[in-house]
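[1] Here is my input; please provide its structure:
(chains A and B)
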Amino acid sequence: MTMTVIFVYLALVLAVGTLSHKLFRGTGEDYFVASRSFGPFLLLMSLFGANMTAFAILGASGEAYHEGIGVFALMASSSGLIIPTVFYFIGTRVWSLGKRHGYLTQIQYIRQRWDSDGVGLLLFFVISALMIPYILVGLMGSGITLNQITNGQLPVWLGGLIVCAVTLAYVTYGGMRSTVWVNTFQVLIFMTFGLAAFIVIFRKLGGVENGMMMVAEKHPELLIRGDKIKPLQLLSYTCIPLSVGMFPHMFLHWLTAKRASTFRYTLVFYPLCIAAVWLPSVLLGVISSSIDFPDGKMPAANVALVKMISVHAPGILAGFLAAGVLSAIMNSVDSQVLAISTMFTQDIVRHYGLHEKISEKQQVWFGRLFVVVIIAATYLLSLFVNRSIFNISVWAFTGFAAMFPIVVAAVFWKRSTKYGAYASILSVVVLWLYFFLTLFPKKEETIGDAGLMPVVIILAVSAAAMVIGSLLTQPPAPATLEKFFATDGHVASDKMSTERKKVRV
Amino acid sequence: MKKTFPKWALYLGLIVLYVLHNDLWLWNDPTLVLGLPVGLMYHFGFSIVTAVVMLLLVTYAWPKHLEVEDEGGREQ
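    You can find the predicted model right below:
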């Protein structure tokens, strides 16, 4: 019965994706950014959905199983403050530039901002590489969820494969429009069923307070930060959500807004939505340490939430709740897939002249092929990687967050140059690889015992590299500054030729 | 633009929130408040206060100059 519910849910996802394709207007701009037509509700759902990954659902509960309530402060409340702030200062400005100049990807913006193909190409490769671990956690989460909720009937490899296939189908068929409508459907599903899981499980345990009393008896250390999380670690973690400023899928979703004012509702509701999702996840993770899987006997931290569901809410309800978990996972994987596809089509195929040799239809197929290759490689990787979803995600976020000075300089600093951007990107690549190769094999995420996260050091060096590299080189041309910093309302509009061309998909 | 809250005060509010996020005074306090550990309840409340500050920010300090005239088309 559980499996039936899950397959009905996956069929519904495909149906929503297919039906929303009927709204397709037949242009490239519509395929990639839905003609910049979305209002406040869809923007909130798509931005929130794209950012709620397996990390937020399975990773949070798994981490809370070991580290306790402090996980909420590490990622949820800090993200609730940092992410809307980034939307306010960066997202709205990027939207405005994107609308004026017809951008479809962040690479297009960065390339033109510093008049440099090289910076754009380097950024394309770095971002694509960093997307792999990010997509990886989604595929791992899908396989684990389907395997655990069906008591092993669906092997992990098959679960991941099914979710890959469904996601690829609606993204490549319907583009941004299908992705956002499916995201909206999925956010509503996972918030509703997440709340249901929370209520059902805690009612069985005699209420939240009773559940916490049980934890207090067996694992009181999980109800405080204590030695599990260090003050410097909490401070360091506030750098991690800066990654939203450089996520290619967030950039793409920003561009879908109809107006700058569309962002207003997202800013207000984002902290509340994050709290609503993370609070149950963290509480269920904490309580599973003392009730069902005490003394660290959980087979793997990533399955804490799914195990709780299968123990306390078997049958049809388990199917619904698993659908909620899958929703959270898929609605980020789909946005990531679309962003990679868009970047490859626009920044490689079109920009480097291949569009003159191949048809529009072939370009779209190239984009799809690139996505299939990335997904296939990531899927194969997911079959061998057996690490904490939380840990892998934090490493991916570290790379994106460390590149935050690039978008800040692009938007606000007229004196920044392409050499500053080169220095910043290269410093991130070198330091990220150094820390990753040093700490990841040892399953450590902080430098030394004080709790300092590598992201702080990489971010500081990246910002310094941007400043020094820019000040040591020639300032940008006045024409470039006029294009990006004119404030008299007469900014030149050079909508790209790609924007309104027909794409047959 | 309404002038009830100056922009600088709201930006300062964001910085104050960032500082208050580091609740060192509750680090080892296991007290339950409304059934939740106080360290968790504090950060849940922090999220609600953040939403209020964001509401003030979008109401009194919205960057209206970023608006771009729309070329038509139906909003969804």
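[2] And A:Arg225, how close does it get to B:Val38?
    11 Å (C-beta to C-beta, to the nearest Å). Every C-beta, even on glycine, is put in place using the N, C-alpha and C of the backbone.
[3] Phi, psi for the residue in chain B positioned nearest to chain A please.
    Using C-beta to the nearest C-beta, the closest approach of chain B to chain A is made by B:Gly35 at 3.4 Å. Dihedral pair for B:Gly35: phi 90, psi -10, per degrees, to the nearest 10.
[4] A:Leu383 reaches A:Trp157, doesn't it?
    Yes: between A:Leu383 and A:Trp157 there is a contact under C-beta atoms under 8 Å: 5.6 Å.
[5] Identify the residue spatially nearest to A:Phe440, adjacent ones excluded.
    Distances taken as C-beta to C-beta, 6 or more residues apart in numbering or on different chains put A:Trp395 closest to A:Phe440, at 6.5 Å, once the chain neighbours are dropped.
[6] if you count what's nearby, which of A:Arg225 and B:Val38 comes out ahead?
    A:Arg225 (27 against 18; other C-beta atoms under 10 Å in any protein chain shown).
[7] before we move on, the earlier item: please tell me how far the residue nearest to A:Phe440 sits from chain B.
    In this view, A:Trp395 and chain B are 23 Å apart by C-beta to the nearest C-beta, to the nearest Å.
[8] Against which helices or strands is the strand or helix carrying that residue packed?
    Taking DSSP states H and E as the definition, A:Trp395 sits inside helix A:389-402. Applying 3 or more C-beta pairs under 8 Å, 6 or more residues apart in numbering or on different chains; DSSP states H and E, one finds that helix A:389-402 makes contact with helix A:60-67, helix A:117-149, helix A:418-439, helix A:454-471.
[9] any chance of those helices in JSON lines, with distance to chain B too?
    As requested, the helices and strands packed on helix A:389-402 are arranged in JSON lines below (distance: least, C-beta to the nearest C-beta, whole Å):
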{"stretch": "helix A:60-67", "distance to chain B": "10"}
{"stretch": "helix A:117-149", "distance to chain B": "23"}
{"stretch": "helix A:418-439", "distance to chain B": "23"}
{"stretch": "helix A:454-471", "distance to chain B": "14"}
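[10] For those, state which one has the densest average packing.
    When you average the neighbours per residue for each of those (mean count of other C-beta atoms under 10 Å in any protein chain shown), helix A:60-67 leads with a mean of 27.
[11] Just the terminal-to-terminal distance for stretch A:46-63.
    End-to-end span of stretch A:46-63 (C-alpha to C-alpha, to the nearest Å): 26 Å.
[12] For chain B, what's the nearest residue on chain A?
    Counting by C-beta to the nearest C-beta, chain A gets nearest chain B through A:Glu209, at 3.4 Å.
[13] That residue belongs to a strand?
    No: going by DSSP: H, G, I helix; E, B strand; the rest coil, the assignment for A:Glu209 is helix, not a strand.
[14] Which pLDDT value goes with it?
    If you check A:Glu209, the pLDDT there is 87.
[15] Surely it and B:Gly35 touch.
    Yes: judged on C-beta under 8 Å, A:Glu209 makes contact with B:Gly35 at a distance of 3.4 Å.
[16] what's the neighbour count on A:Trp254?
    27.
[17] A:Ser96 is in contact with that one, correct?
    No: using C-beta under 8 Å, A:Trp254 is not in contact with A:Ser96; the gap is 9.9 Å.
[18] Tell me the backbone dihedrals of the nearest residue to A:Gln233 once chain neighbours are set aside, please.
    Spatial nearest neighbour of A:Gln233, excluding adjacent residues (C-beta to C-beta, 6+ apart): A:Gly451 at 3.3 Å. Taking degrees, to the nearest 10, you get phi 100, psi 10 for the backbone angles of A:Gly451.
[19] Okay, now the unreliable bits of the chain?
    In the absence of a named chain, chain A is used. A:24-28, A:54-55, A:292-303, A:314, A:354-356, A:358, A:360-361, A:386-387, A:487-505 (pLDDT under 70).
[20] Chain B, not that one
    In chain B (pLDDT under 70), the answer is B:1-3, B:69-76.
[21] all strands for it, in order.
    B:32-33, B:36-37 (DSSP state E).
[22] so which of these is the most packed in?
    Greatest burial across the strands of chain B, using mean count of other C-beta under 10 Å, falls to strand B:36-37, with a mean of 24.
[23] which helices and strands does that one pack with?
    Other helices and strands packing on strand B:36-37, by 3+ C-beta pairs under 8 Å, 6+ apart, are helix A:208-218.
[24] Now do the residue lying closest to B:Val58 once chain neighbours are set aside: how many residues are near it, please.
    Distances taken as C-beta to C-beta, 6+ apart put A:Arg264 closest to B:Val58, at 4.2 Å, once the chain neighbours are dropped. For A:Arg264, the count of nearby residues is 22 (other C-beta under 10 Å).
[25] returning to that earlier point: helix or strand next in line after the helix holding A:Trp395, which one?
    Next helix or strand after helix A:389-402 toward the C-terminus (DSSP H and E): helix A:404-412.
[26] So which elements touch that next one?
    Counting by 3+ C-beta pairs under 8 Å, 6+ apart, helix A:404-412 packs on helix A:92-101, helix A:106-113, helix A:418-439, helix A:454-471.
[27] Throw those into a markdown table and include distance to B:Thr59, thanks.
    Shown next, in a markdown table, are the helices and strands packed on helix A:404-412 (distance: least, C-beta to C-beta, whole Å):
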| stretch | distance to B:Thr59 |
| --- | --- |
| helix A:92-101 | 15 |
| helix A:106-113 | 29 |
| helix A:418-439 | 35 |
| helix A:454-471 | 31 |
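[28] which stretch among these comes nearest A:Val119?
    Across the helices and strands packed on helix A:404-412, A:Val119 has its closest neighbour in helix A:418-439 (4.8 Å, C-beta to C-beta).
[29] Next, the angle helix A:454-471 makes with the closest one.
    Our comparison of helix A:418-439 with helix A:454-471, counting by axes from the mean of the first three to the mean of the last three C-alpha atoms, to 10 degrees, yields an angle of 160 degrees.
[30] Name the residues that touch helix A:418-439?
    Residues outside helix A:418-439 that contact it (C-beta atoms under 8 Å, 6 or more residues apart in numbering or on different chains) are A:110, A:114-116, A:118-119, A:122-123, A:126, A:395, A:398-399, A:402-403, A:405-406, A:409-410, A:445-447, A:454, A:457-458, A:461-463, A:465-473.
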